[in-house]
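**Q** sequence first, then the predicted structure:
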Amino acid sequence: DGGITQSPKYLFRKEGQNVTLSCEQNLNHDAMYWYRQDPGQGLRLIYYSQIVNDFQKGDIAEGYSVSREKKESFPLTVTSAQKNPTAFYLCASDRGRTTGELFFGEGSRLTVL
Amino acid sequence: GQQVMQIPQYQHVQEGEDFTTYCNSSTTLSNIQWYKQRPGGHPVFLIQLVKSGEVKKQKRLTFQFGEAKKNSSLHITATQTTDVGTYFCADRGSTLGRLYFGRGTQLTVWP
């Protein structure tokens, strides 16, 4: 079955540590996205990529980094520079056009201790 | 950047009552998408509206796009406990790749 796989589902990290969240899709989608969700805040865009080897900052990119070396993969690194990293992170993909639905992974919940 | 305002933030209804959430923008919306996120889950696409004045129905759900393309609404008739969740509207905007989400309306349905 086609879909988006995020891992890990739950992650705990100590302050000062970088952590990388994995996102893989087998939908043959060109575009991939990372969103952060906090209670009452909706979905805020961190980074997005329309094509391999290219990506753009979203609204809250500070303290995060991404790479897009393969069409199927769009990992997100939460660096120690992110001041409040505890959140629910959602990866999504679509065909990269002006219409069409966004497909989401099941999310990764990061807790910084 | 583009802002999509969604109200109310929370709505509590008795099972069988109707529910409506509204999405508004000060600028013309490109096309509106609606998503539902169950508690503990991820957003799932419900529908997309593109044309001015468009109305679409999915069983008890009715979606509308305003004539001026500056607002949209989702109406649920006779809510059921399975309708519980957060409903988000989102606009594609004018920048390829950007989807601007409202903050969502969290619906609670009491049996």
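**A** That came through, no problem.
**Q** only C-alpha atoms from now on, for both contacts and neighbour counts.
**A** Fine.
**Q** what about stretch B:35-54, start to end distance?
**A** 17 Å (C-alpha to C-alpha, to the nearest Å).
**Q** contacts for it?
**A** Here stretch B:35-54 makes contact (C-alpha atoms under 8 Å, 6 or more residues apart in numbering or on different chains) with A:90, A:100-107, B:30-34, B:55-56, B:63-69, B:84-90.
**Q** model confidence for residue 29, exactly?
**A** With no chain named, the answer covers chain A. Among the per-residue scores, A:H29 holds a pLDDT of 93.
**Q** that answer is for a different chain, and I need it for chain B
**A** Looking at B:L29, its pLDDT reads 90.
**Q** try B:S26
**A** The model reports B:S26 with a pLDDT of 89.
**Q** so B:P111 touches B:T79, yeah?
**A** No. The pair B:P111 and B:T79 does not pass the contact test of C-alpha atoms under 8 Å, sitting 9.8 Å apart.
**Q** which one of the two has more residues nearby?
**A** Neighbour totals were compared for B:P111 and B:T79, and B:T79 leads with 23 against 10 (other C-alpha atoms under 10 Å in any protein chain shown).
**Q** and that one, backbone torsions?
**A** B:T79 adopts backbone torsions of phi -60, psi 150, taken as degrees, to the nearest 10.
**Q** what is the least confident helix or strand in chain B?
**A** Among the secondary structure pieces of chain B, namely its helices and strands, strand B:100-101 has the lowest mean (mean pLDDT, DSSP states H and E), a mean of 90.
**Q** list, one by one, the residues from chain A near chain B.
**A** Proximity of chain A to chain B is assessed by C-alpha under 8 Å from any C-alpha of the partner chain, with A:31, A:40-44, A:48-50, A:90, A:96-107 identified as the residues in range.
**Q** right, and chain A sits closest to which residue of chain B?
**A** Shortest chain B-to-chain A distance, computed as C-alpha to the nearest C-alpha: residue-wise this is B:R103, at 4.0 Å.
**Q** re the thing from before, parallel or antiparallel, list what pairs with the least confident helix or strand of chain B.
**A** Sheet pairing for strand B:100-101, assigned by DSSP bridges, gives strand B:85-91 (antiparallel).
**Q** just to revisit the earlier point, contacting residues around the residue of chain B closest to chain A?
**A** The contact partners of B:R103, by C-alpha under 8 Å, 6+ apart, come to A:G40, A:Q41, A:G42, A:L43, B:M5, B:Q6, B:Q9, B:F88.
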